[in-house]
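1. 3D, please:
(one chain, ligands or ions: 1)
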Amino acid sequence: MTILDKILQQKEMEIEQLKKQSLADMPAEANQVPSIAKSFHNTERMRIIAEIKRASPSKGSIDLEVDPVKQASLYEASGVGAISVLTDKTFFQGSMDDLRAVRKAVNLPLLCKDFFIDKIQIDHAKAAGASIILLIVAAMSPSKLQVLNTYAKEQGLDVLCEVHDEQEMTTAIELGAGIIGINNRNLKTFAVDLGTTGRLASMVTNPDTILISESGIQSRQDVEQAAQHGASAVLVGETLMRAGDLPGTISDLQIPLSKGGRSNAR
Ligand SMILES: O=C(O)c1ccccc1NCC(=O)[C@H](O)[C@H](O)COP(=O)(O)O
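-> Alright, predicted model coming up:
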């Protein structure tokens, strides 16, 4: 059984519990933040989606003591374009409370980074203040992907559709995904290959698609490589969680996109 299979098995159990809980909605104004779909278009510099990541299956503990509000506020002050909050408890030591607290502290788009396989999870993410949710193509059938994608959009949420191989990219394109995350990490083996972004990005012909390179980004050189392939954003977790000089590290990664981002890049 792969780690992704184990995570999804755990999610099935959590979903049963979620169905028994009632939802306390966030105040409507809490979700009045610019959407990634709008703010990442025609960007003149690489947008950073900075992740709050206490631990992970591949790396174990990263920073178990992190204060998510303090970290998110530092990210915002450093000029990131969005914040990703890992809300999974079992494998990443995160929580929906983290997302809720961060929502109250910053005025940026928030990605609820979890393993969505049911509408009820989308309801909870929205209630906690998410502006965008993650749909991992490898985690479900194309028909379920379509159902959850439609449902999230009906709730006013953006969707980050995550792919790792050619077949998944074909599924994302057929879905009409406007925001595609190319995960450089294989979620079954943990192997990271930054070349994944280049390989899969070349399949995307719609110049309006926002491409995000995810995982394993450590340096300005890595970001330059992602930019060459049309990415206008990078999702960075561990490197920022461990950075000694957070503003300096973020500034270093925000490279200029000379042609004004992907829409003008082809
Ligand atoms: O990070 C993991 O070990 C992992 C394992 C299994 C499923 C998902 C996993 N990570 C989620 C992510 O997508 C990353 O946290 C995110 O892309 C940032 O990656 P990094 O910059 O390498 O911390």
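
2. need the residues of this structure near the ligand, please.
-> Within the chain, the positions lying close to the ligand (CB under 6 Å from any ligand atom) are 3, 51, 53, 56-59, 183, 187, 190, 214-217, 235-239. To be clear about C-beta, it is placed using only N, CA and C from the backbone, and glycine gets the same treatment.

3. List buried members of those residues by neighbour count.
-> Buried members of the residues of the chain next to the ligand, scored by 16 or more other CB atoms under 10 Å, are 51, 53, 56, 58, 183, 187, 214-217, 235-239.

4. for the residue nearest to V69 when sequence neighbours are not counted, what are its contacts?
-> In this structure, V69 finds its nearest non-sequential neighbour in A105, 4.6 Å apart by CB to CB, 6 or more residues apart in numbering. For A105, the contact set (CB atoms under 8 Å, 6 or more residues apart in numbering) comprises 69, 72-73.

5. Keep only those of the buried ones among the residues of the chain next to the ligand that are in strands.
-> If you go by DSSP state E, these have 51, 56, 183, 214, 235-236 in strands.

6. what's the neighbour count on the closest residue to I179 other than its chain neighbours?
-> Using CB to CB, 6+ apart and skipping residues adjacent in sequence, the residue nearest I179 is I210, 4.6 Å away. Neighbour count for I210, taken as other CB atoms under 10 Å: 27.

7. so where's the stretch 1-150 of the chain shaky on pLDDT?
-> 25-32 (pLDDT under 70).

8. got the contact list for the closest residue to D63 other than its chain neighbours?
-> In this structure, D63 finds its nearest non-sequential neighbour in M241, 5.1 Å apart by CB to CB, 6+ apart. Counting by CB under 8 Å, 6+ apart, M241 makes contact with 51-53, 62-63, 66, 71.

9. Is it possible to get TSV of those residues that adds distance to G79?
-> Output for the contacts of M241, formatted as TSV (distance: CB to CB, whole Å):
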residue	distance to G79
E51	16
I52	17
K53	19
I62	22
D63	21
V66	20
Q71	15
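
10. From the residues you listed, list the buried ones, please.
-> So, by 16+ other CB under 10 Å, the buried ones in those are 51-53, 62, 66, 71.

11. Of those residues, which is the nearest to V137?
-> E51 (19.7 Å; CB to CB).

12. my guess is the closest one meets V234, correct?
-> No - applying CB atoms under 8 Å as the test, E51 and V234 come out as separate, 10.5 Å apart.

13. CA-only coordinates of the helix or strand hosting D5 in PDB, if you can.
-> Per DSSP states H and E, D5 falls inside helix 3-18. Extracted C-alpha coordinates of helix 3-18, given in PDB (Å, rounded to 0.1, in the frame of the first residue of the first chain):
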ATOM      1  CA  ILE A   3       1.500   6.400   1.400                       C
ATOM      2  CA  LEU A   4      -1.200   8.000  -0.800                       C
ATOM      3  CA  ASP A   5      -3.400   4.900  -0.300                       C
ATOM      4  CA  LYS A   6      -2.900   5.100   3.400                       C
ATOM      5  CA  ILE A   7      -3.700   8.800   3.500                       C
ATOM      6  CA  LEU A   8      -6.900   8.300   1.500                       C
ATOM      7  CA  GLN A   9      -7.900   5.400   3.800                       C
ATOM      8  CA  GLN A  10      -7.600   7.700   6.700                       C
ATOM      9  CA  LYS A  11      -9.600  10.400   4.900                       C
ATOM     10  CA  GLU A  12     -12.500   7.900   4.400                       C
ATOM     11  CA  MET A  13     -12.600   7.500   8.200                       C
ATOM     12  CA  GLU A  14     -12.400  11.300   8.800                       C
ATOM     13  CA  ILE A  15     -15.200  11.900   6.400                       C
ATOM     14  CA  GLU A  16     -17.600   9.700   8.400                       C
ATOM     15  CA  GLN A  17     -16.800  11.900  11.500                       C
ATOM     16  CA  LEU A  18     -17.200  15.100   9.500                       C
END
